[in-house]
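Participant: The amino acid sequence is not available; the structure is as follows:
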């Protein structure tokens, strides 16, 4: 769209002349000829009323001879680019700077499900006048001009409402064109992380005995992991209630099981920890047995208790037989720790952390841990120990659920233009809709079948991390990539502080942090021609790249994480930076000549 403050040179140059300075104004011969000559000139220079034209269309020195006279053009909407805006611009000739022109878009036969789609009101005034209509908003579903726009037209009408001090007749230049509106969006979220630690006492524990397969010690004060005692091999079962102490959605950062050794524990005994295979229909039961003395010899069996052979033994009908006597476990051991006289035995490993995280995510479908040994003898305090400090405890460090952060793409910023489009993350190389894990977290998206898809950011880093993270998306369609956007996440960083905002060096609308080609424009606000006859030229649509494409949406054809704009056809780099330097020079010239009419605006054409 033209800007009044920018030069009218592109329109004037379209008819093969430079802007005329006030001191060099002249009247053309056709203007002096009088009424009849004016009518003849108008008939020759202007197309017939409502002559159908394709865009882009330009016409120079169109003459109007009287107040209220007008010319009309019927624009074929099928000639517009994808997601189109129809733009009509007029500028009076240099001898009529105070002429008042009116340009309007009307008479459109494009109808959507909401009824007639009304264009904007006319633009009226002196100097450059421009009106634009967001055609793409009037069509549901596919917005590429074919086939919905075939046979659809709009009229562009230009009329004279005043000829100013110079009087009639007067001429004007006309440009009718289309632009692609690239959907984009940026959202920002602040994430405050913190580490919390919770000590969870076992909710149930017991000892089971190999030589007394129907006995247990659920109410005893001891837990055994032993081989070679008078009762043979002894093992312990321990379970914890994570859901009551760790909030849903929390990120588990660390976990360790702490047991307090009691006499007569043998030094050097290796203690192994396994995950018990759960049976949701028959969880193991603690029972009420309480053995005597050091409890290495069991008490008499009771119904409703876990034993060497069953999850819940009963004399009449035992339930939940172990597949393997002595307890069913999941996979290899989680951790091994050796008793060496320490007051507290700490069992910790990455495998244990992962298992605790899985237990927490399972919403209670878990059955705790099996404690055993391959040699020696170890006795520990149970949850019945008189001293709370001695009882088994699971210490879990976690980050509360400030993440995941969920959101949807704002329909006012990003529009999914047809059902064939696909929302995907730029760096999702395997196309599984999960972003390759960045610095601190990951992004996910689930296709819910609607035009507005939700995204989720899951923080996965250390809660002490302070910095920014980014997820970037593309909008694809059956006609190619049509948009891009970004979500910024400020992790333990003040998002309101301008100093913390990531830069956008190439001013393409995608921050360097997110940009797959941060030195070359390839974003929604500004792109560069990656092919065709004008490689490297700054652009905003494919129409500005003859025979090629304008990279406006972080295109990455080979999915290597580097945008096409950074690895285009030969000579892009040199020509691109030549173009950027040239624009910088023009900007400097405009800054030095603020009153120059030839520098009132800048246009990328």
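Facilitator: Cool, got the structure. Keep in mind it's a predicted model, so treat the numbers as computed, not measured.

Participant: all contacts plus neighbour counts: C-alpha atoms, from now on.
Facilitator: OK.

Participant: what residue ranges in the stretch 251-400 of the chain are flagged as low confidence?
Facilitator: 363-366 (pLDDT under 70).

Participant: those helices in it, which residues are they?
Facilitator: The residue ranges that make up the helices of the stretch 251-400 of the chain, judged by DSSP state H, counting those that start in this stretch, are 350-361.

Participant: Then the chain?
Facilitator: With helices called from DSSP state H, the chain shows them at 9-13, 29-32, 35-45, 350-361, 572-592.

Participant: Average pLDDT for the second one, rounded please.
Facilitator: If I follow you right, that is helix 29-32. Taken as a whole, helix 29-32 has an average pLDDT of 36.

Participant: for the longest one, same thing?
Facilitator: For helix 572-592, mean pLDDT rounds to 38.

Participant: One more: the first one?
Facilitator: Within the predicted structure, the mean pLDDT of helix 9-13 is 37.

Participant: mind giving me the domain ranges of this structure?
Facilitator: Taking automatic domain parsing as the reference, the chain has its domains at 9-181, 182-187+402-501, 196-399, 510-605.

Participant: Residue 373 reaches residue 236, doesn't it?
Facilitator: No: between residue 373 and residue 236 no contact is recorded; they are 10.2 Å apart, counting by CA atoms under 8 Å.

Participant: between those two, who's got more neighbours?
Facilitator: Residue environment comparison for residue 373 versus residue 236 gives the larger neighbour count to residue 236, 27 against 22, counting by other CA atoms under 10 Å.

Participant: Let me see the contact set for the closest residue to the more buried one other than its chain neighbours.
Facilitator: Nearest residue to residue 236 in three dimensions, chain neighbours excluded: residue 207, at 4.3 Å (CA to CA, 6 or more residues apart in numbering). If you count contacts by CA atoms under 8 Å, 6 or more residues apart in numbering, residue 207 has them with 216, 217, 218, 222, 223, 224, 234, 235, 236, 237.

Participant: let's see it at 10 Å
Facilitator: Listed by CA atoms under 10 Å, 6 or more residues apart in numbering, the contact set of residue 207 reads 215-220, 222-225, 234-238, 286, 289, 291, 295-296, 298, 306-308, 370-371, 382.

Participant: Would you state the strands of the stretch 401-550 of the chain in chain order?
Facilitator: Under the criterion DSSP state E, counting those that start in this stretch, the stretch 401-550 of the chain contains strands at 405-408, 422-425, 441-445, 454-459, 467-477, 480-491, 527-529, 538-539, 550-551.

Participant: Those strands: lowest mean pLDDT?
Facilitator: Here the lowest mean pLDDT among these goes to strand 422-425, at a mean of 52.

Participant: Can you tell me how far residue 513 is from residue 485?
Facilitator: Distance, residue 513 to residue 485, by CA to CA, to the nearest Å: 13 Å.

Participant: Residue 93 now?
Facilitator: From residue 93 over to residue 485 the distance is 42 Å, taken as CA to CA.

Participant: between these two, who's got more neighbours?
Facilitator: Neighbour tally, residue 93 and residue 485, criterion other CA under 10 Å: the higher count belongs to residue 485, 28 against 22.

Participant: so the more buried one touches residue 522, yeah?
Facilitator: No: the pair residue 485 / residue 522 is not scored as a contact, 11.6 Å apart, by CA atoms under 10 Å.

Participant: can you list residues touching both of those two?
Facilitator: Contacts common to residue 485 and residue 522, judged by CA under 10 Å, 6+ apart, are 509, 510, 553, 554.

Participant: quick one, what contacts the first one?
Facilitator: Residues in contact with residue 509 (CA under 10 Å, 6+ apart) are 184-186, 484-486, 503, 515, 521-527, 552-553.

Participant: swap in residue 239?
Facilitator: When contacts are counted by CA under 10 Å, 6+ apart, residue 239 touches 201-206, 275-276, 284, 286, 366-370, 392-394.

Participant: out of those residues, which are buried?
Facilitator: In terms of neighbour count (16 or more other CA atoms under 10 Å), the buried residues within the contacts of residue 239 are 201-202, 204-206, 275-276, 284, 286, 366-370, 392-394.

Participant: Those in strands, which ones?
Facilitator: Using DSSP state E, 201, 204, 205, 206, 275, 276, 369, 370, 393, 394 are the members of the buried ones among the contacts of residue 239 that sit in strands.

Participant: so what's the last one bridging to?
Facilitator: Residues in a beta bridge with residue 394, per DSSP bridges, are residue 200, residue 257.

Participant: which ones are touching it?
Facilitator: When contacts are counted by CA under 10 Å, 6+ apart, residue 394 touches 198-202, 239-242, 255-259, 346-347, 356.

Participant: Provide a list of residues in contact with the residue nearest to residue 155 when sequence neighbours are not counted.
Facilitator: Across the structure, with CA to CA, 6+ apart as the measure, the residue nearest residue 155 apart from its sequence neighbours is residue 74 (4.4 Å). Listed by CA under 10 Å, 6+ apart, the contact partners of residue 74 are 49-54, 105-108, 152-157.

Participant: Show me which of those are buried.
Facilitator: Neighbour counting over the contacts of residue 74 (16+ other CA under 10 Å) leaves 53, 54, 105, 106, 108, 152, 153, 154, 155, 156, 157 as the buried ones.

Participant: In strands, which of those appear?
Facilitator: For the buried ones among the contacts of residue 74, membership in strands holds for 53, 105, 106, 153, 154, 155, 156, 157, with DSSP E as the criterion.

Participant: So the second one sits against residue 159, correct?
Facilitator: By that I understand residue 105. No: under the criterion of CA under 10 Å, residue 105 makes no contact with residue 159, lying 11.9 Å away.

Participant: what is in contact with these two at once?
Facilitator: Listed contacts common to residue 105 and residue 159 are residue 72; contacts here mean CA under 10 Å, 6+ apart.

Participant: For the stretch 101-250 of the chain, give me the ranges with low pLDDT.
Facilitator: The model of the stretch 101-250 of the chain has pLDDT under 70 over residues 111-117, 139-147, 181-186, 229-231.
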